[in-house]
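> the sequence and its predicted three-dimensional model are supplied below.
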Amino acid sequence: MKAIVIKEYGDISNLQEVELEMPVLAEDEVLVENYATSINPIDWKARLGYLKEMYPWKFPVVLGWDVAGVIVQVGNKVTNFKIGDKVFARPDIYADGSRGSYAEYVAVKEDKLALKPDEISFEDAAAVPLAGLTAFQVIVDRLRVKAGDKVLVQGGAGGVGLFAIQIAKHLGAYVATTASKQNHELLKSLGADEVIDYHETKIGDVLNNYDAVFDTVNAIDDGLAILQEKGRLVTIAGKPNEEQKASSKEVSDWWLQPNGKQLKELGNLIVEGKVKVVIDSLYPLTEKGVREAHQRSQEGHARGKLVIKVK
């Protein structure tokens with residue numbers, strides 16, 4: 001099968017097209033013929049070697065952790081899915097680094113899968129798992145957002161931020177966010193009540209007494225400064241230091257936990273029109289396509305998700 005791999009850590013020139021053997025399934029896995037995947041910041045950070053201590057991979061490494069496609073094979077212990085099912089998932093990150101989603105076929109454990117609603121395209125579905133689940137778990141589980149809460153999403157125009165704004169708004173929160181001026185109209189159309197241009201305004205000058213902060217940009221101190229006592233902050237971009245953790249406010253970091261049931265909930269919200277998928281641009285599964293997508297992500301100017309069309 002065709003795949004895009006890295007054979008060493010480094011710049012985008014290390015992304016190379018190769019032929020690999022098809023994945024061999026475990027009993028609790030399915031084989032998905034991949035129709036679309038997407039790019040996330042973790043992809044280029046992994047390419048640069050930032051995850052070396054967390055994942056001691058063996059080269060070549062297949063990056064990518066979003067998949068949308070059709071099941072073509074099922075393991076002996078799989079009971080809830082069958083050949084022909086249209087699915088999407090954030091697969092596990094395997095220890096050997098060989099099972100990423102920049103490939104024509106991807107092995108996925110059954111509990112990470114959700115059926116793809118017919119109303120959602122494969123491209124839209126591929127944009128959801130990693131970014132959508134991260135936003136869902138932080139807003140719902142970690143920050144425990146409820147109706148009437150005041151919530152700040154730091155970095156609202158990124159893939160995670162776009163989902164976070166919409167999920168918090170769906171729960172009945174007042175949502176503020178930070179973004180460059182060119183993204184203000186988009187974010188307000190998705191439900192943001194207040195959008196702050198971080199180039200011109202410090203959030204501490206205009207926000208105060210917030211219940212929750214979702215930090216996607218590693219600006220923990222800025223977020224803590226606008227929280228009320230006993231307020232909650234979760235970061236996915238940094239690590240709280242001892243002083244920050246000793247605050248009277250609840251401070252923690254979060255790493256996505258793949259979850260098929262929560263992904264199904266997200267799919268339902270999209271079908272119901274309560275959450276929209278925003279795609280910045282589409283690329284082919286080629287060396288050139290994936291390199292361009294990595295470059296676009298790394299520059300930090302994408303408005304929404306970068307999707308790779310596999311089939």
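Thanks, I have the structure now.
> which SSE is residue 292 in?
Take DSSP states H and E as the rule and residue 292 turns out to sit in helix 287-299.
> now residue 31
In this structure, residue 31 sits in strand 29-39 according to DSSP H and E.
> who's in contact with the closest residue to residue 17 other than its chain neighbours?
Distance criterion C-beta to C-beta, 6 or more residues apart in numbering; nearest residue to residue 17, sequence neighbours excluded, is residue 287 at 4.6 Å. From N, CA and C alone the C-beta is placed, and that goes for glycine too. Listed by C-beta atoms under 8 Å, 6 or more residues apart in numbering, the contact partners of residue 287 are 4, 15-17.
> rewinding a little: and the next helix or strand past the strand holding residue 31?
helix 41-47.
> hang on, the earlier thing: mind listing what's buried in the helix holding residue 292?
For helix 287-299, the neighbour count (16 or more other C-beta atoms under 10 Å) marks 289-294, 296-298 as buried.
> now do it against strand 29-39, angle only.
60 degrees (axes from the mean of the first three to the mean of the last three C-alpha atoms, to 10 degrees).
> give me the next element, helix or strand, following helix 287-299.
Downstream of helix 287-299, the first helix or strand assigned by DSSP H and E is strand 305-309.
> contacts only, for residue 212.
Here residue 212 is in contact with 143-145, 149-152, 173, 227, 231-233 (criterion: C-beta under 8 Å, 6+ apart).
> please redo it, this time with the cut-off set to 7 Å
With contact set as C-beta atoms under 7 Å, 6 or more residues apart in numbering, residue 212 has these partners: 143, 145, 149, 151, 231-232.
> how about it, secondary structure?
Classification of residue 212 by DSSP: H, G, I helix; E, B strand; the rest coil places it in strand.
> quick one: it and residue 139, what's the gap?
Between residue 212 and residue 139 the distance is 8 Å, computed by C-beta to C-beta, to the nearest Å.
> list residues touching both of the two?
residue 145.
> circling back to that earlier point, now, which of the contacts of residue 212 lie within strands?
151, 231-232 (DSSP state E).
> can you name the element that comes right after the helix or strand of the chain with the lowest mean pLDDT?
Ranked by mean pLDDT, DSSP states H and E, the weakest helix or strand in the chain is helix 242-245, scoring a mean of 93. Of the helices and strands lying after helix 242-245 in sequence (DSSP H and E), the nearest is strand 250-253.
> which of the residues in that next one are buried?
By neighbour count on 16+ other C-beta under 10 Å, the buried set for strand 250-253 is 250-251, 253.
> I'd like to know which of those is nearest to residue 75.
Ranked by distance to residue 75 (C-beta to C-beta), the buried residues of strand 250-253 are led by residue 253 at 33.5 Å.
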